[in-house]
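# quick check, what structure comes out for this input:
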Amino acid sequence: MEVFSTIVGFFQEGGVFMYPIVIVLALGLAIAIERWLYLTTATVKNKSIWKKITPHLKAGNFSNAVQITGKSKAAIATILSYGLSRVRSSRRREDVEKAMEESLMEVMPQLEKRTHYLATFANIATLLGLLGTIIGLIRAFTAVSNANPAEKADLLSASISVAMNTTAFGLMVAIPLLLMHTLLQTKTTEIVDSLEMASVKFLNALTEHSEAKSTETAS
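Numbering: from 1, shown residues only. Next up is the predicted model:
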């Protein structure tokens, strides 16, 4: 409660530049919440699809795997769909791998979408805070120059204190936005790593199935 009162105090005394900083905070929070929900949902969907498709891949039943991936819009389903479609035309591991790499490049922008704005908003909040402080100091020195000499010291210290509130509030907004940016980047990286791992496991399953089929044919 004390922290909240301090923030409200900063806002009330900071001047006009507090409002754009609050707008930046609102936009940043909206993006952070939307991205967190999207990435969390993507993680759950990817795990669910992978559990369903793994038995079919191990059994070499690629037609059933295609049916599962075709019904889902999850990132892993998209990547595996590219690989499975290439399996039909070419059994070479290199060809399938290239197809899956292409699909991963298509999926990644969706995972990274809008996250970079948080770092930009953090910088904007800091700069707005500094700008508000500088303008406040200019006004303070202008007002002090016309004030009574006996009141100059008190007036100047009070004006500087108010002007510094803008920088403090800008930093209060920027620091959480940077933390959220880092968290989302980490979560995105984890998802991309899991997709790459799933691609490797799929390719290994394909290779094992091809080798087993070659052995049966030879015998």
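
# give the helix, strand or coil label for residue 16.
At residue 16 the chain is in coil, as set by DSSP: H, G, I helix; E, B strand; the rest coil.

# if I look at it, how far off is residue 128?
10 Å (CB to CB, to the nearest Å). From N, CA and C alone the C-beta is placed, and that goes for glycine too.

# do the same with residue 160
For residue 160, the distance to residue 128 - CB to CB - is 18 Å.

# when these two are compared, which one has more neighbours?
Remark: of residue 160 and residue 128, residue 128 carries more neighbours, 23 against 15, as counted by other CB atoms under 10 Å.

# next up, the contacts around the more buried one.
17, 20-21, 24, 166, 170 (CB atoms under 8 Å, 6 or more residues apart in numbering).

# how about 7 Å then?
Residues near residue 128 by CB atoms under 7 Å, 6 or more residues apart in numbering: 17, 20-21, 170.

# what of residue 104?
Contacts here follow CB under 7 Å, 6+ apart; on that basis residue 104 touches 79, 195.

# the helix or strand hosting it: what's the following helix or strand?
Residue 104 belongs to helix 93-112 when assigned by DSSP states H and E. Next along the chain after helix 93-112, taking DSSP H and E as the criterion, comes helix 116-145.

# and the average pLDDT for whatever helix or strand residue 55 lives in is what?
Element membership of residue 55 [criterion: DSSP H and E] is helix 18-59. Mean pLDDT, helix 18-59: 90.

# contact partners of whichever helix or strand comes after that helix?
Of the helices and strands lying after helix 18-59 in sequence (DSSP H and E), the nearest is helix 62-70. Helix 62-70 is contacted from outside by 49, 52-53, 56-57, 77, 80-81, 84, 87, using CB under 7 Å, 6+ apart.

# the helix holding residue 104 vs helix 18-59, what angle?
Angle between the axes of helix 93-112 and helix 18-59 is 150 degrees (criterion: axes from the mean of the first three to the mean of the last three CA atoms, to 10 degrees).

# please compute how far helix 93-112 lies from its chain's middle.
Mean-position distance between helix 93-112 and its chain equals 19 Å (CA atoms, centre = their mean, to the nearest Å).

# now do stretch 14-23
The chain centre lies 25 Å from the centre of stretch 14-23; the measure is CA atoms, centre = their mean.

# need the distance between the two termini of it.
One end of stretch 14-23 sits 15 Å from the other (CA to CA, to the nearest Å).
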